[in-house]
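**Q** Here you go, sequence then predicted model.
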There are 2 protein chains.
Amino acid sequence: MASDLKETFWNRMDKVTAGLLSADSERPIPMAPQVDRENKAIWFITAKGSAADRASQSGGEARFDVADTKAGLYAVIEGKLDHGSDEKLDEIWNAFAGAWFEDGKDDEAVELVKFTPHSAEVWATENSVAFLWEVAKANFTKQTAEGGEHGRVAF
Amino acid sequence: MASDLKETFWNRMDKVTAGLLSADSERPIPMAPQVDRENKAIWFITAKGSAADRASQSGGEARFDVADTKAGLYAVIEGKLDHGSDEKLDEIWNAFAGAWFEDGKDDEAVELVKFTPHSAEVWATENSVAFLWEVAKANFTKQTAEGGEHGRVAF
């Protein structure tokens, strides 16, 4: 069940356009995830000097929160941030970012950070937010929630 | 500008299906907001004994986070939770919840909580997540971000 949920998590993360990244004990900032399933990582393009950039310099802990009804995914993901290489930036840029960045990737403000999740709490709904209520109620009644999957994932 | 952003915030909150509520110093839980603009409040239907229910008993501080690309709204909203009345539950139930709850509102597990925001950081994008990068870059370059609005709102 937990490995199914991990599979579901990555499948749906592919459809998530943005979530909130909390890094360096600062307030959450909306950022666009670029999923790199092969490396079990999520890449973010950010600006020099941002909280994510600073946290990545020190291999800091971070949390990425997703609440995307269209993707049917709600998740609180914990992991650590590292600094990305220029080679990886080229790859990520070509695959995703070029389409929506007006500025070139050689813009001096561009920084790439790598987020490596170690654990997550995941709610994957089938087609309705009613599942979210089912989960809350299940804690109260000890019944099973229907209409989705909920659990903890270790990466 | 701040009052425009407040207007934009409420308009877009109407379209948000779910976000993450952190209450009672516990982990965030996805919940469906029912916007009550007249009372500058957001209602949540939850289950007895949930963190939101417990926080509402003590008028506790809570945070509701939104990252909804479809609605073009990203927000970190701070406020307090209170217990909702049975009369209000009838109203909310008829307006929103009846459609997606299988169980009746007389279900003994149902609890209504009222979230009253006092402040929020809001990112309202026009039609692309590129604005999120523009904001991060604006902090670095001291230029103005284009393609949306970003700021703090006091309610």
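**A** Sure thing, it's come through.
**Q** Once you drop chain neighbours, what's closest to the spatially most central residue of chain A?
**A** Closest to where the C-alpha atoms of chain A average out (Cα atoms, centre = their mean) is A:F64, at 5.0 Å. Across the structure, with Cβ to Cβ, 6 or more residues apart in numbering or on different chains as the measure, the residue nearest A:F64 apart from its sequence neighbours is A:I77 (4.6 Å). Glycine gets a C-beta too; all of them are placed from N, C-alpha and C.
**Q** How confident was the prediction at that neighbour?
**A** Model confidence at A:I77, given as pLDDT, is 98.
**Q** in what helix or strand does it lie?
**A** Element membership of A:I77, judged by DSSP states H and E, is strand A:73-83.
**Q** Going by neighbour count, list what's buried in that strand.
**A** For strand A:73-83, burial by neighbour count (16 or more other Cβ atoms under 10 Å in any protein chain shown) applies to A:73-82.
**Q** Return the distance of the helix or strand following it from the chain's centre.
**A** In the C-terminal direction, the helix or strand that comes right after strand A:73-83 (DSSP H and E) is helix A:86-95. When distances are taken as Cα atoms, centre = their mean, to the nearest Å, helix A:86-95 is centred 18 Å away from the chain's centroid.
**Q** which other helices and strands contact helix A:86-95?
**A** In terms of contacts (3 or more Cβ pairs under 8 Å, 6 or more residues apart in numbering or on different chains; DSSP states H and E), helix A:86-95 is packed against strand A:41-47, strand A:110-125.
**Q** repeat that with 7 Å
**A** Here helix A:86-95 touches strand A:110-125, going by 3 or more Cβ pairs under 7 Å, 6 or more residues apart in numbering or on different chains; DSSP states H and E.
**Q** Determine whether any part of the strand it packs on lies close to chain B.
**A** Yes: with Cβ under 7 Å from any Cβ of the partner chain as the criterion, chain B is reached by strand A:110-125 at A:121, A:123.
**Q** CA atoms only: put the helix or strand following that strand into CSV for me.
**A** Using DSSP H and E, the helix or strand that follows strand A:110-125 in sequence is helix A:130-141. Below are the C-alpha coordinates for helix A:130-141, written out as CSV (Å, rounded to 0.1, in the frame of the first residue of the first chain):
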residue,chain,number,x,y,z
ALA,A,130,-15.2,14.6,0.1
PHE,A,131,-12.3,12.2,0.7
LEU,A,132,-10.6,14.8,2.8
TRP,A,133,-13.6,14.8,5.1
GLU,A,134,-13.7,11.0,5.1
VAL,A,135,-10.1,11.0,6.4
ALA,A,136,-10.9,13.4,9.2
LYS,A,137,-13.9,11.4,10.1
ALA,A,138,-12.0,8.1,10.0
ASN,A,139,-9.8,9.4,12.8
PHE,A,140,-12.9,10.0,14.9
THR,A,141,-14.9,6.8,14.1
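**Q** who touches helix A:130-141?
**A** Counting contacts by Cβ atoms under 7 Å, 6 or more residues apart in numbering or on different chains, the residues outside helix A:130-141 that touch it are A:123, A:125, A:144-148, A:150, B:18, B:30-32, B:45-50, B:100-102, B:109.
**Q** Buried subset of those residues as a ChimeraX selection?
**A** Provided next is the ChimeraX selection string for whichever of the contacts of helix A:130-141 are buried by 16+ other Cβ under 10 Å:
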select /A:123,125,145,147,148,150 /B:18,30,31,32,45,46,47,48,50,101,109
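**Q** next one: the one helix or strand A:R12 maps to to chain centre, how far?
**A** Assigned by DSSP H and E, A:R12 belongs to helix A:2-13. When distances are taken as Cα atoms, centre = their mean, helix A:2-13 is centred 12 Å away from the chain's centroid.
**Q** With stretch A:37-44 instead?
**A** What separates the centre of stretch A:37-44 from the centre of its chain is 9 Å, taken as Cα atoms, centre = their mean.
**Q** got the buried residues for it?
**A** By neighbour count on 16+ other Cβ under 10 Å, the buried set for stretch A:37-44 is A:41-44.
**Q** wait, does it contact chain B?
**A** No: judged by Cβ under 7 Å from any Cβ, stretch A:37-44 and chain B are separated, with a smallest distance of 9.7 Å.
**Q** May I have the distance across that stretch, first residue to last?
**A** Across stretch A:37-44, the terminal residues are separated by 14 Å (Cα to Cα, to the nearest Å).
**Q** avg pLDDT for that stretch?
**A** Stretch A:37-44 shows a mean pLDDT of 93.
**Q** again with stretch A:49-65
**A** In this model, stretch A:49-65 has a mean pLDDT of 91.
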